[in-house]
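1. dropping a prediction and its sequence here:
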Amino acid sequence: MTGTDMDNGTTDSGPSGYAAARLRLLSEGARSGPPRRAALADLTDTWLGGLFAAGAEVPRGVALVAVGGYGRAELSPRSDLDLLLLHDGGDPRAVAALADRLWYPVWDLGLALDHSVRTPAEARRTAGEDLKVQLGLLDARHIAGDLGLTTALRTAVLADWRNQAPKRLPALREMGEERAARMGELQYLLEPDLKEARGGLRDVTALRAVAASWLADAPRDGLADARRRLLDVRDALHLTTGRAADRLALQEQDQVAAELGMLDADALLRQVYEAARVIAYANDVTWREVGRVLRSRAVRPRLRRLARERSDFLRRAVAGDGRALGGGKTTPERSPLAEGVVEQDGEVVLARAARPERDPVLPLRAAAAAAQAGLPLSLHAVRRMAAGARPLPAPWPAEAREQLVTLLGSGPPTVQVWEALEAEGLVNLLLPDWERVRCRPQRNAVHLWTVDRHLIETAVRASEFTRRVHRPDLLLVAALLHDIGKGWPGDHSVAGEVIAKDVATRIGFDRHDVTVIATLVRHHLLLVETATRRDLEDPATVRAVAGAVASQGTLELLHALTEADALATGPAAWSSWRASLVTDLVKRVAAVLSGEVPADLADAAPTAEHERLALEAVATGAPVLSLRAQTGPPAEPSGDPEPLGVELLIAVPDQAGVLPAVAGLLALHRLTVRTAELRALDLPAGVEGSVLLLDWRVAAEYGSLPQAARLRADLVRALDGSLDIAARLTERDAAYPRRRGVVAPPPRVTVARAASRHATVIEVRAQDAPGLLFRIGRALEDAGVRVRSAHASTLGANAVDAFYVTGPEGAPLPAEEAVAVARKLEETLRA
C-alpha cells in the first residue's frame, strides 16, 4: 500500500507517501481544529517511526522523542518538528547514522526541523542551563525506540523542574515580561503575533510549566478554549499564506476569517482578542499566586522560629496557671477595607460574613475598595461574587452609583480591577450595553486600545481632572460611556447619546444630570474637531459650539473629557498644539455663554506685526516673511514651556497661486503644516495695493528649520514660475519611493453645511502624504475659488483638512457650485 489509510493511520514510510497523506489531511474540509492537529501529529509519528525502524539494525538504547509543540501534539500546517534523539551513550556511529536517516527526509520535504541528539544526562544538563530547553522537555512525548529511556527522562526532568521551581519560575516570569514589552499585548494589536505577544500561545506554555511545578495552577475556566481558538487561527493563517507565520497581518485577516467561516476580519480580531484576554488574565492571576507562594516559603522558617520563641515565652510567663498555651500556628492577617471586604496577603477578599447573594452592591463595593487600595481582587472573591450576583434594581441604589464613581476615579488601579470583574461576567451584569464594545477592535492606527479598554483608559485619564470640574461624577461616567455607541449603525456619537441616557437613568442620575451626560457623549469630539478644523475667528464657529454645550458647567466638563479622551487614544491624538487650540476655543465659547458677542471675522484688526510685513510687501513688491518659535505652558509646574511649533508669517502682494506655492514650498523643505490661515489685509489709508497675509504654524519633519532668507528666495522663484514645485516634488518622490503598505481608503471631500456665514467650508479627509496640501491648493486655484483660511490636522496617517473658500467677489459659493468644487477636488486627489 502506498500513501496513507486515513482510517487506520498507516503510511508509507517514504517521503512521497507521507507528503501525499499530509496534503490530503490538510486539504480535507471536514476535519479542522484539534482533530486535524492530532491527526497530523499521529501521521507524522507514524512516518518518523517508520524511518526510525527502516534501517538494517536499530541501535539499542535509543529513543525518538517529540518535544515542545510537537510533543503536545499541536502541529499546525507549517509547524516546526521539535525532535530529540535520545541515546544511552552507546555506539556513536550508529546513533549518527540513525540521525541522518531521520533528519534528511524531513529536510527533503522542506519541513522546518529543530533537532538535537543527547544522552539523558546531557539533556538534563542543557535543560538546567537553558530555560527554553527545559520548557520543551516538559512536554516530551515518546515516538519510537526505547520507551523506558523516554519515560526515565520525563520523570527526571519533571523532578528537576519541581525541585528548581523556586529559582526558575522567577526567571520564567521575567522572560514573559520581557517578551510582552517587546511584542505588545495580543488583545489590543491590529497585527498581533499569536505566539509571542502577551496573552498568546507562549504564555499558555508558561502556564503549563507553572502547573507542572505544583506550586500554583492557572484558572482553568475558558483557558483550554482560548488556547484552541488561537491555535485554530494559526492553522488558518498557515493554510492561507503557505508560510509558518504567527503574525496576523492586516492584508491576510479577511482570508483567515473566511477560512474559519467567520463574517469578516473584525469578527476574527474580536475572537482573537477575547481568547488573549482570557489567557492574559489567567497569566496575571497565576503569577500573583506564584509570588505569594514563594514569599510564603521564604518567610515560613522565620515565622516558625518566632512562633516557637513566642510560645516558650508565654508558657514561662503563665507557669502554674493551669492553662495550656499553644502558639505554633499563624493565620494571615485580615484588614477591613469596606463592608464585607477585607485585605489579606496582598489581595482583596470577601469577609467571612459577606453574602453576595443578599448584597447586590457588593461587587462594586469590593471593586472600589480594591482600586482605592491599589490591590488586586482575588480570583476566589470575584468568582464567589459572580456566582451569587444578581442584577441591581433600576434605578440603582445611591450607594451603587457612588461606588461606581469611586471605582472610576481611582486612577490606574481601576484597570486591573475592571479586568477582574469583566473576566467573570460581572461588568456585563452591571452594564448590559458593555457587550457590544467588549473586545471590539478599532481599525485606526491612532488608537492603542480596543473600544472597551479605551473607555476605561479614558476614565483613568479623567480621574486626573476631577479637581478641574464642578461635577467629577458626571465627568467619570461620561468618560466610561463616551464611545458606547461604537458597534451600532451610524454615527457612534448619536447612537451613544441614546444609550448614555438609558444607562445614566438606570444608574440613578436625575433628569438634569442624565441630560448633561448625554450631551457630553453626543459632543465628545466637538471641541477637538472644531478647534483643529474650523476658523476660530469666525463667530459662527464659536456660536455653534456654544449652542451645542448650552452652559458653562457642561463646557467645563466637555473640555476635561476632550483631553482625557485624546490622551487615552494615543500619543498621536494629543499635543501641546492641539491643547492650545482647544483651550482657545473654550475661552471663546465661555465668553459667548457669559453674554459677550464675538467680533465679526471681517472686523478682526491686524496686529502691528501683520501691518509691518504688509507695508514692506507693498513697498518691495515681493513676499516678506518671518519665523518665530511659539511655546505653551509647561507640562509640569517646574518644567520648561512646551513647544507648540513655529509661526510662519508671510505677506505677499495679492496674486493667483499663493496657497499652492507656499504649501508646495513647505513640502519641499519638509515642513509639516499644522494650521494655515490666508486672508486679505486692509491697508492703512493712503497706501495703494492689496496684500495677502498667510499665518501658518509649521514644524520640521527632520532636523532644524530652514533659514527665513532661503524660504523667501524660493518663494519668490515659485511665484514667478522659475521654481517648478510640482516637478521637484515628483522628482523627490521618484528618488525616494515610499514603501507600499496597506492600501488606504480613497480620499473623501465634503461640504460642511452652515459651518460659516462668511465662506463655504470644504472638508478633505485623505491619507497624509508630502505635498498633499500643495495638490489641494492647486486644485482649488484651478477651480477659481479663493481660499480664505485653511486648517490642517493630522491623526496618525490620516489628514483631515478644512478650507474656507469664497467666490471671486468674496461671498460663499452657491450650494450647487460648492458641491461641484468638492467633487472635482475629490476626483483630483483620487487620480
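-> That came through fine.
2. and S626, that's in a strand?
-> Yes: counting by DSSP: H, G, I helix; E, B strand; the rest coil, S626 falls inside a strand.
3. quick check, it in contact with L613.
-> Yes: assessed by C-beta atoms under 8 Å, S626 is found in contact with L613 at 6.7 Å. All C-beta atoms are positioned from the backbone trio N, CA, C, and that covers glycine.
4. any regions of the stretch 501-650 of the chain where pLDDT drops low?
-> 597-605, 630-645 (pLDDT under 70).
5. can you show me the strands along it?
-> Per DSSP state E, counting those that start in this stretch, the stretch 501-650 of the chain carries strands over the ranges 624-632, 642-653.
6. so which bits of stretch 221-236 are buried?
-> 222-223, 226-227, 229-236 (16 or more other C-beta atoms under 10 Å).
7. save the residues you listed as CSV, and put in pLDDT too.
-> CSV is the format used below for the buried residues of stretch 221-236 (pLDDT from 0 to 100):
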residue, pLDDT
G222, 90
L223, 93
A226, 96
R227, 96
R229, 97
L230, 97
L231, 96
D232, 96
V233, 97
R234, 96
D235, 95
A236, 95
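8. closest to I507 among those?
-> G222 (28.9 Å; C-beta to C-beta).
9. list the contacts for the closest one?
-> V278 (C-beta atoms under 8 Å, 6 or more residues apart in numbering).
10. who's in contact with T530?
-> Per C-beta under 8 Å, 6+ apart, neighbours of T530: 536, 541, 544-545, 585.
11. ok, now how distant is it from A755?
-> 9 Å (C-beta to C-beta, to the nearest Å).
12. which residues do S626 and L613 both contact?
-> Common neighbours of S626 and L613 (C-beta under 8 Å, 6+ apart) are L649.
13. neighbour count: the two, which is higher?
-> Neighbour comparison, S626 and L613: the larger count goes to L613, with 24 against 14 (by other C-beta atoms under 10 Å).
14. just the helices in the stretch 101-250 of the chain please.
-> Using DSSP state H, counting those that start in this stretch, the helices found in the stretch 101-250 of the chain span residues 120-129, 131-137, 147-183, 201-213, 223-241.
15. what's the local residue count around the closest residue to Q164 other than its chain neighbours?
-> Spatial nearest neighbour of Q164, excluding adjacent residues (C-beta to C-beta, 6 or more residues apart in numbering): G128 at 7.4 Å. Using other C-beta under 10 Å, G128 is surrounded by 15 other residues.
16. these two touch, right, G128 and W161?
-> No: using C-beta under 8 Å, G128 is not in contact with W161; the gap is 9.9 Å.
17. who touches both of the two?
-> Q134.
18. model confidence for the closest residue to L81 other than its chain neighbours, exactly?
-> The shortest distance from L81 to any non-neighbouring residue, by C-beta to C-beta, 6+ apart, is to L113 (5.2 Å). Per-residue pLDDT puts L113 at 94.
19. how about the contacts made by L113?
-> 80-81, 83, 103, 106-107.
20. just the buried ones out of these, please.
-> Taking 16+ other C-beta under 10 Å as the criterion, what is buried in the contacts of L113 is 80-81, 83, 103, 106.
21. which strand or helix spans A371?
-> Assigned by DSSP states H and E, A371 belongs to helix 362-373.
22. so for that helix, mean pLDDT?
-> Helix 362-373 carries an average pLDDT of 95.
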